[in-house]
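Colleague: next input, structure requested:
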Amino acid sequence: MAWIVVIVCVVLAAVFYIRMKARAEADRLSPDAGQAILDFGRAFPDEAIRAIHSTRDDQAYFVRLHDGKAGFMASHGTHLVCHLIEPGRVQVSATESGRGLAVHFLDFTHLDGSFEFRSADIAAEVSLWLLGSFQPRNEFAPQA
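Modeller: Got it, this is the predicted structure:
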């Protein structure tokens, strides 16, 4: 009888170990928002992040910066590719679902794609960031 209990305990321990190892591997392969903030800070140390939103699958992150610019990070395995978007250097359109954006980067076309968010509100907010709506304008400043 004792051998049956020992065998069951060993089998349960093995199943638990395999599940935890698979979960740790999945976590290691997909960066989270904290890792995204750290990576963007290393890539652009002079830029302050005001807000960040991830796509529904957590494979891309969009950031709003302190000076009206926006940033983009795409997951490539265990690291993130960071891109600083200057106002006017991106084209944005809504996807059919209403919760996504089709984004075309004029500077880095290999980052183009369709990105689905958790809600339509987040997609709308990110589209405003990308289109430069938050860039402060002074009506009295000379126009370039």
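Colleague: so residue 57 belongs to a strand, correct?
Modeller: No: Residue 57 sits outside any strand when classified using DSSP: H, G, I helix; E, B strand; the rest coil, being coil.
Colleague: find the nearest non-adjacent residue to it, please.
Modeller: By the measure of CB to CB, 6 or more residues apart in numbering, the closest residue to residue 57 outside its immediate chain neighbours is residue 116, 7.4 Å from it. (C-beta placed from N, C-alpha, C; glycine too.)
Colleague: show me what whichever strand or helix holds residue 83 is packed against.
Modeller: Under the assignment given by DSSP states H and E, the secondary-structure element containing residue 83 is strand 79-85. Taking 3 or more CB pairs under 8 Å, 6 or more residues apart in numbering; DSSP states H and E as contact, the helices and strands that strand 79-85 lies on are helix 33-43, strand 70-76.
Colleague: what strands line up against it, and which way round?
Modeller: If you go by DSSP bridges, strand 79-85 pairs up with strand 70-76 (antiparallel).
Colleague: average pLDDT for the strand it pairs with?
Modeller: On average, the pLDDT along strand 70-76 is 88.
Colleague: same deal with stretch 36-47?
Modeller: For stretch 36-47, mean pLDDT is 90.
Colleague: identify the residues contacting that stretch?
Modeller: By CB atoms under 8 Å, 6 or more residues apart in numbering, the list of residues contacting stretch 36-47 from outside reads 31, 49, 52, 54, 61, 63, 65-67, 69, 71, 73, 79-80, 82, 84.
Colleague: for ChimeraX, write the select line for the buried members of those residues.
Modeller: Selection command for ChimeraX covering only the buried members of the contacts of stretch 36-47, criterion 16 or more other CB atoms under 10 Å:
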select :31,49,52,54,61,63,65,69,71,73,80,82,84
